[in-house]
Each structure stands twice: as structure tokens, then as C-alpha cells.
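> Any chance you could fold what I've pasted below:
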Amino acid sequence: MQPVACQRACHKSLIGRINLRYDSSMATRKPNPTDLSDAPWSLLEPLLPSAKAGGRPETYPKREILNGIFHIVRGGFIPNVYKPMPRLGEYITPRLINHSGRRSGLPCKTFLDVVKYDANTGTYFIVSGFGNQSDWYHNLRKTPTVSIQVGRRHMNLMAYPLTPGTSCEAMVNYAWRYPKAARLICRQVGYQVDGSEDDYRAVGREAIPFLALRQTTN
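Residues are numbered from 1 along each chain as shown. I've put the predicted structure just below:
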């Protein structure tokens, strides 16, 4: 088990970046390897709070919520059961990134938004939504060797920060593909944009860093 201080896959990351849609197929779906068996569920169930009287009724079975979380922590989706919902109305794919703490050197995990994937070069592009203040961003700048989990596959990658000029165009492309998310991250770093390409280029040059994750030899 990894130290608590380095467990970056926290509730905020899961809830803030990923929503799960529940449907009737969950009741009859085939079991998955990450599902809770009866024994651990019998230990966890008494620890979970009950719905408060007069509050909103429970919509999702607690066990299925935990099954979904455990599956996401493993880095995958179940397309026909746990359906990734659009973030802010737009489909952005979160992936689990394994990296090293810049001070402690201990392993850390972070869910990050892969905003683009270049299948020709096997390159993943990620963006730091909180600018250069994000801990994971500084970790990758110091130790660029990371691994990414896609389903059950683990790939070794090297993180390369994009040049200011390339980040400008990456931000314009990001805003074109995900306009709501682009406006949100601009506000997060203190920028108000008018939606023009010039505004987004300025943000990409000055405040929002992009990185490329390229595959390395295992």
C-alpha cells in the first residue's frame, strides 16, 4: 500500500472528473475482476452512512458506486455498464498517471485529462488546468518518467513540456474542441477570455502549460 500522502487518486479527483451513469443493466451485468466480493462488502457496508431522513433518496446502490470507483482507480471504463459521461457537456478522457514526488521521491497517482491522442506517434497530450501551480506538473518537470494506465495496460512514457508557441496552438485547439472546459480552466488561472483565438493563445503562452507524453521502451 502506498503512503497516504501520495495517494493522489482522491475522492475529489474521481468525483470532479468522472461521473457514472447507472442503468438497469448494472443489476444483471457480468461481474468484473475489480468488483467487491461478498466478504469485503460485508465489512465495508456497516461503515457507510445511511441516507438522512428527509433528504434526497439514494439513487445508486452503494456497492455499485464502490465497484465503479475501484474499476476507475484501476484505470479503465466498462463501456456497456459504467458509461463515461461528458465533463461540462464535452467528452474528455481521464487517465491514471503514475509519477514520482519531486521532494519525497515516493510514487504518486493522479487522474489527468488526456485532451488529445496522436495514434500515429503514440503521444498523449495533457493540460494542467490549474496552470503551473499543480503539484503533479512540477513532479513531471523534475522527473519526467511516468506510466499511464489504459484499461489493464501499463505504458512507460516520458513527459515533454510543449514550447510556448506550440502551447498557444494547443490551447486554441483545446478551446475549439472543448469550449466550456477551456473557459473554466482560464477562470481557474485568473483569465477572462472573450472566446477569440488571440485570447486563448495568450493563455496558452502565459498560464496554461501543455505536456506531451511519449512512449518509451519498456
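> wait, Arg102 sits on Thr143?
Yes. The criterion here is CB atoms under 8 Å, and Arg102 meets it with Thr143 at 6.6 Å. All C-beta spots, glycine's among them, are computed from the backbone N, C-alpha and C.
> so who does Gly122 touch?
Gly122 sits next to Arg214, Gln215 when contact means CB atoms under 8 Å, 6 or more residues apart in numbering.
> Over to it: give its phi and psi.
When read as degrees, to the nearest 10, the backbone of Gly122 gives phi 70, psi 30.
> Next one: it relative to Arg214, how far apart?
From Gly122 across to Arg214, the span is 7 Å (CB to CB, to the nearest Å).
> and Ile148, bridged to which residues?
Beta-bridge partners for Ile148, by DSSP bridges, are Ile97, Met155.
> Give the buried residues for the strand or helix carrying Ala159.
Using DSSP states H and E, Ala159 sits within strand 153-161. Of the residues in strand 153-161, those buried by neighbour count under the rule 16 or more other CB atoms under 10 Å are Leu157, Ala159, Pro161.
> can you check stretch 209-218 too?
For stretch 209-218, by 16+ other CB under 10 Å, it's Pro209, Phe210, Leu211, Ala212, Leu213.
> And the strands in this protein?
For the chain, the strands defined by DSSP state E cover 20-21, 83-84, 93-100, 107-118, 123-127, 145-150, 153-161, 210-215.
> Pick out whichever of the buried residues of stretch 209-218 sits closest to Lys30.
Relative to Lys30, the closest of the buried residues of stretch 209-218 is Leu213; by CB to CB it sits at 32.2 Å.
> Output stretch 199-214 in CSV, but only the C-alpha positions, please.
Output in CSV follows, covering the C-alpha atoms of stretch 199-214 (Å, rounded to 0.1, in the frame of the first residue of the first chain):
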residue,chain,number,x,y,z
ASP,A,199,-7.1,35.3,-26.2
TYR,A,200,-6.6,31.6,-26.0
ARG,A,201,-3.1,31.9,-27.5
ALA,A,202,-2.2,34.4,-24.8
VAL,A,203,-3.4,32.0,-22.1
GLY,A,204,-1.5,29.1,-23.6
ARG,A,205,1.6,31.1,-23.8
GLU,A,206,1.5,32.6,-20.3
ALA,A,207,-0.6,30.5,-18.0
ILE,A,208,-1.7,27.0,-19.1
PRO,A,209,1.1,24.5,-19.8
PHE,A,210,0.6,21.5,-22.0
LEU,A,211,2.7,18.4,-22.0
ALA,A,212,3.2,15.5,-24.4
LEU,A,213,3.6,12.0,-23.0
ARG,A,214,5.5,9.9,-25.5
